[in-house]
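S.K.: following is a predicted model, sequence given first.
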Amino acid sequence: MTRSADPQSIADYREAARRRLPRMIFDFYDGGADSENTLAYNRAALDARRLLGSAPVDVGRRSQKTTLFGRTFEMPLIIGPTGLAAAAWPKGDAALARAAGRAGIPFVMSTAGTCTQEEVAAAGDGAKWMQLYLFRNREFSARIVDKADELGFEAIEVTVDNAVAGKRLRDARNGFTLPFRWTPANLAGLARHPGWSLQMARAGAPRLEVMAAGLGLERTDTIAELMQSQLDPSVCWDDIARLRDRWRKPLIVKGVLDPAHVARALAIGVDGLVISNHGGRQLDGAVAPIDTLPDFVAEARGRLTLLIDSGFRSGCDIARALALGADAVQIGRATLYALAAGGEAAVFHALGLLKAELDVVQALTGAAAIADFHPGMIRSPAPHSALARRDPGSLLQPSASLALQA
């Protein structure tokens, strides 16, 4: 039962996470690359697309059932891969996986996860997918793939938009390292957040368990620099083709923005794409995935499963993507905020909020089933360059502005 004191939106969960986490941890999750222009634009591009209400339509019976890669899920939502989840909550990856399983949706484990693959595989009985980086050490990447197969992971989602790591200014300014560097400012942050500090003291400092097991990680200045030392800028479609040969279950490529890549993905035998700008954490000034989604739909013509992420915070956002042709939406920060606020129970509650919000949109747009969403429900984007210049955090706060009127 929902209590009045419980968060009532993802924006509420973001605020709860901001209060509970030390600044360096919150900023790691919340921040984007460079000026954070892309981070803000993701929200502006979504908010500019307006939904067309449709009444009267018989929506007395509504369903969110969705089929992805031959398996039926309770709603068109996926908890996407997010690194360092244990900095929000002990064994955070397993908590996210259990919450996703309870909600009847897939969970994608990050290679930068803070649980082992075995721990996530054993966390609940929901569908587990494995995110993959193609490291300089390709044998290590291959071992991750083989372990995922052995443990019953149902899909591989290979991330490709990281030839170099984006410049995360918040991390640099906060001195955010792995292992944590306890500067006077960061120690002061611990004192201001005793609940989190005590919980971390009991659980121990988070480790990138999958990467540490195979790469022998050493201390680096920032998380981005750690990743930069391991990622391979030579990754190309030939590498995806070799991965296709190794992995016979569904193969998804995450981090594409150019619809021209659809033809290559089809030629290789890729099963799905995640249209993504990495949540605004890589290329500052990038287009928003929602901008390019219709072009992907036109190129794919139903031959690929099209997923999308970056900036999604509500059922209304999910509906916008479905109307424009996405098969499902991946979320990352939204469930990290909830995880930080209250662990598995809060993540499950946040997923329920999104489900309820989507149900309202279904009822008011005449979409009794997910297949009923169509492009005619979306009106052409209004100019949103001014919105893109706003502080990204402010786009999540209650306001009478265009940003939250949908």
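M.R.: Received, thanks.

S.K.: use CA for all of it now, contacts and neighbours both
M.R.: OK.

S.K.: what pLDDT is listed against residue 402?
M.R.: pLDDT, residue 402: 27.

S.K.: again with residue 191
M.R.: Reported pLDDT for residue 191: 79.

S.K.: how near is the residue nearest to the spatial centre of the chain to residue 235?
M.R.: The chain has residue 332 as the residue nearest its centroid, 2.7 Å off, counting by CA atoms, centre = their mean. Separation of residue 332 from residue 235 (CA to CA, to the nearest Å) stands at 24 Å.

S.K.: hmm, back to that, if I pick the residue nearest to the centre of the chain, what's in contact with it?
M.R.: Counting by CA atoms under 8 Å, 6 or more residues apart in numbering, residue 332 makes contact with 79, 80, 81, 82.

S.K.: let me see the ranges of the strands in the stretch 101-250 of the chain.
M.R.: Secondary structure of the stretch 101-250 of the chain by DSSP state E, counting those that start in this stretch: the strands cover 107-109, 128-132, 155-159.

S.K.: low-confidence ranges in the stretch 1-150 of the chain?
M.R.: 1-4 (pLDDT under 70).

S.K.: buried stuff in the one helix or strand residue 12 maps to?
M.R.: Per DSSP states H and E, residue 12 falls inside helix 10-20. Under the neighbour-count criterion of 16 or more other CA atoms under 10 Å, helix 10-20 has 10, 11, 12, 13, 14, 15, 16, 17, 18, 20 buried.

S.K.: after it, which helix or strand is next?
M.R.: helix 23-30.

S.K.: who touches residue 307 in this structure?
M.R.: 272, 273, 274, 275, 326, 327, 328, 329, 330.

S.K.: helix or strand: which one has residue 78?
M.R.: Going by DSSP H and E, residue 78 is in strand 77-79.

S.K.: hmm, back to that, with distance to residue 259 and mean neighbour count added, can I get the strands of the stretch 101-250 of the chain in TSV?
M.R.: Converted to TSV, those look like this (distance: least, CA to CA, whole Å; neighbours: other CA atoms under 10 Å):
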stretch	distance to residue 259	mean neighbour count
strand 107-109	24	29
strand 128-132	22	27
strand 155-159	16	24
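
S.K.: specify which member of the buried residues of helix 10-20 is nearest to residue 314.
M.R.: Comparing the buried residues of helix 10-20 against residue 314 with CA to CA places residue 10 closest, at 7.0 Å.

S.K.: so that closest one is in contact with residue 334, correct?
M.R.: Yes: if you go by CA atoms under 8 Å, residue 10 and residue 334 touch, sitting 6.0 Å apart.

S.K.: can you report phi and psi for the residue in the chain sticking out farthest from the centre?
M.R.: Taking CA atoms, centre = their mean, the residue of the chain most remote from its mean C-alpha position is residue 56, at 35.0 Å. Phi and psi for residue 56, reported as degrees, to the nearest 10, are phi -90, psi 140.

S.K.: look up how far residue 364 lies from it.
M.R.: 9 Å.

S.K.: CA atoms only: put the helix holding residue 12 into CSV for me.
M.R.: Taking Å, rounded to 0.1, in the frame of the first residue of the first chain, the C-alpha atoms of helix 10-20 are listed here in CSV:
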residue,chain,number,x,y,z
ILE,A,10,10.9,9.5,-10.2
ALA,A,11,11.6,13.1,-9.5
ASP,A,12,10.8,12.5,-5.8
TYR,A,13,13.1,9.5,-5.8
ARG,A,14,15.9,11.7,-7.3
GLU,A,15,15.4,14.2,-4.5
ALA,A,16,15.5,11.3,-1.9
ALA,A,17,18.7,10.0,-3.5
ARG,A,18,20.2,13.5,-3.4
ARG,A,19,19.5,13.8,0.3
ARG,A,20,20.8,10.4,1.2
